[in-house]
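Peer 1: Make a model of this:
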Amino acid sequence: MGSTLKEKMAALPKERQEKIEARAVELIAEEMTLQELRNKLNLTQAHMAELLGIRQEGISRLEKRTDMLLSTLRTYVESMGGDLELVVKFPELPPVRLREVSEMTIESGETARNRRSKSRRSLAHA
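Peer 2: Below is the predicted model:
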């Protein structure tokens, strides 16, 4: 029978074990849900709702979504004091920050939701 991870780790030098454990902590910290990030910043759903001008239930739904508009995500992150960057990674290239996508709605001043609303209004009047 094979050895367990615990056994493999125990067989490594103490310094190597510490490096592996430190890197594991870094990797875990690199990935968070929106809820985990909000909690880490000691922000409540109620406070976020106030900042975004929506109800607390809206924050709860937003944090559970698996698919959302970039403009929605950007607004949420910026309301917490952060900046949203979109990075593309390919095996054969270094990571690339997509500047156009990250700044698209800021430069135009128009979000996808606003464009959809205008389209619906124009269709209704046609």
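Peer 1: switch to C-alpha atoms for all contacts and neighbour counts from now on
Peer 2: Fine.
Peer 1: The host helix or strand of residue 62: what's the following helix or strand?
Peer 2: Here residue 62 is covered by helix 56-64, with elements defined by DSSP states H and E. Next in sequence after helix 56-64, counting helices and strands by DSSP H and E, comes helix 70-79.
Peer 1: which phi and psi does residue 22 have?
Peer 2: For residue 22, the backbone dihedrals (degrees, to the nearest 10) come out as phi -60, psi -40.
Peer 1: Look up how far residue 58 lies from it.
Peer 2: For residue 22, the distance to residue 58 (C-alpha to C-alpha, to the nearest Å) stands at 36 Å.
Peer 1: Give me the more crowded residue out of these two.
Peer 2: The neighbour comparison of residue 22 against residue 58 (other C-alpha atoms under 10 Å) goes to residue 58, with 15 against 11.
Peer 1: need the contact list for that one.
Peer 2: Remark: with contacts taken as C-alpha atoms under 8 Å, 6 or more residues apart in numbering, residue 58 is in contact with residue 49.
Peer 1: okay, now residue 89: neighbour count?
Peer 2: 10.
Peer 1: for residue 49, same thing?
Peer 2: The number of residues near residue 49, taken as other C-alpha under 10 Å, comes to 18.
Peer 1: Now the host helix or strand of it: buried residues?
Peer 2: With secondary structure defined by DSSP H and E, residue 49 is part of helix 45-52. Residues of helix 45-52 classed as buried under the neighbour-count rule (16 or more other C-alpha atoms under 10 Å) are 45, 46, 48, 49, 52.
Peer 1: ditto for stretch 58-78
Peer 2: Within stretch 58-78, the residues scored as buried using 16+ other C-alpha under 10 Å are 59, 62, 63, 70, 71, 73, 74, 75, 76, 77.
Peer 1: Just send these back as CSV, with distance to residue 17 too.
Peer 2: Putting the buried residues of stretch 58-78 into CSV (distance: C-alpha to C-alpha, whole Å) gives the following:
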residue, distance to residue 17
59, 40
62, 39
63, 35
70, 39
71, 42
73, 37
74, 38
75, 40
76, 38
77, 35
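Peer 1: Perfect, that will be all.
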